[in-house]
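Chemist: Compute the structure for the input listed below.
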Amino acid sequence: MRDIVTSGIYVIKNLQSGKVYVGSAVDLELRWRNHKSKLSRGVHENQYLQRSWDKNGWGCFEFGILEQVQEVTALIDREQYWLDHTRCYDRSIGYNICRVAGNRLGVTHSNETRDKISSARIGKYTDEKNGNARLNWEDIKRIRADWASGEYLQKQLAEQYGVSRTHINRIVNNKFWFDPHYRADPEIPKRHQSKNMLSHSRTITYDEES
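Modeler: Below is the predicted model:
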C-alpha cells in the first residue's frame with residue numbers, strides 16, 4: 001500500500017513533436033494510469049492526444065510533474081496558471097482542448113456548488129423506479145466508469161453527484177440501477193494499493209523542453 005499520494009500539476013509530453021498536455025490531479029499516479037489505460041485502449045476523450053498516441057506509440061511520450069500542490073483546493077488555480085504559461089491549448093503547441101481549468105478532480109465541492117448540482121438534477125433518477133430521483137442513466141454510466149478507472153473514491157463521487165456514499169456503493173455494485181450487462185470488478189478497490197508508477201516519471205520545468 002502506498003504511504004504517500006502526490007497531488008499536483010502534470011504534463012504528458014510528446015518527445016518527438018514537443019507538444020504537451022497539461023492537467024491536474026489529486027493523485028498523480030492514478031491519473032497517469034488512467035490516461036495510459038484509455039490511450040492504450042483507444043478510448044481517450046481527447047481526440048488530439050489519442051491520434052498522436054496512435055501515430056507515435058507510447059514510447060514517444062513522457063509523463064512529468066510540473067508542480068506538486070499540497071493544498072488540493074489550489075489545484076484548479078495552479079492548473080490554470082500552467083495552461084496559460086504553456087499555452088497548451090494552442091493546437092501548434094499542445095493537446096489541451098479547453099482554455100479554462102476543469103474541476104472533475106475529486107476535489108470537494110463547496111456547499112454552494114453542491115446545491116447547484118442538486119438543484120440541476122431534481123426530477124432525474126437515482127433509481128429508475130423512483131420518479132423523484134436525481135440521476136439518470138448517463139450519470140450512472142459515468143459513475144461506474146469513474147469508479148472503474150481507479151481514480152475516484154466513492155466519497156468523491158458522492159460529493160460530485162450530490163448523493164450519499166451508500167448510494168454510490170450500491171450503484172457501482174449494481175444493486176441500484178441494475179444492468180444485466182454490468183459486472184462490478186472486485187479488484188477495483190485494490191487499485192488504490194498499487195505500486196507507485198511515478199517512480200518512472202520526473203519533475204521537469206517547462207522551459208527545458210526542446
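Chemist: continuing past the helix or strand of the chain with the lowest mean pLDDT, what's the next helix or strand?
Modeler: When the helices and strands of the chain are compared on mean pLDDT, DSSP states H and E, helix 111-120 comes out lowest with a mean of 46. Toward the C-terminus, helix 111-120 is succeeded by helix 137-149 as the next helix or strand (DSSP states H and E).
Chemist: what comes up buried for that following helix?
Modeler: Residues of helix 137-149 classed as buried: 139, 140, 143, 144, 146, 147, 148, 149 (neighbour count, 16 or more other Cβ atoms under 10 Å). Quick note: C-beta positions are derived from backbone N, CA and C, even for glycine.
Chemist: Do a quick rundown of the strands in the chain.
Modeler: Here the chain has its strands, by DSSP state E, at 8-14, 20-25, 61-68, 202-203.
Chemist: CSV please, covering the ones you listed and showing distance to residue 36.
Modeler: Converted to CSV, the strands of the chain look like this (distance: least, Cβ to Cβ, whole Å):
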stretch, distance to residue 36
strand 8-14, 9
strand 20-25, 12
strand 61-68, 8
strand 202-203, 16
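Chemist: So for residue 97, which of the ones you listed sits nearest?
Modeler: With distances scored as Cβ to Cβ, the stretch of the strands of the chain nearest to residue 97 is strand 20-25 (9.6 Å).
Chemist: Show me what the closest one is packed up against.
Modeler: When contacts are defined as 3 or more Cβ pairs under 8 Å, 6 or more residues apart in numbering; DSSP states H and E, strand 20-25 packs onto strand 8-14, helix 75-86.
Chemist: what about this protein, any weak spots by pLDDT?
Modeler: Along the chain, segments meeting pLDDT under 70 span 1-4, 103-134, 184-210.
Chemist: Domain parsing of it, as residue ranges.
Modeler: As assigned by automatic domain parsing, the chain contains the domains 8-105+193-208, 111-179.
Chemist: what would the buried residues of helix 137-149 look like in a markdown table with distance to residue 69?
Modeler: Shown next, in a markdown table, are these (distance: Cβ to Cβ, whole Å):
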| residue | distance to residue 69 |
| --- | --- |
| 139 | 29 |
| 140 | 31 |
| 143 | 26 |
| 144 | 28 |
| 146 | 21 |
| 147 | 24 |
| 148 | 26 |
| 149 | 21 |
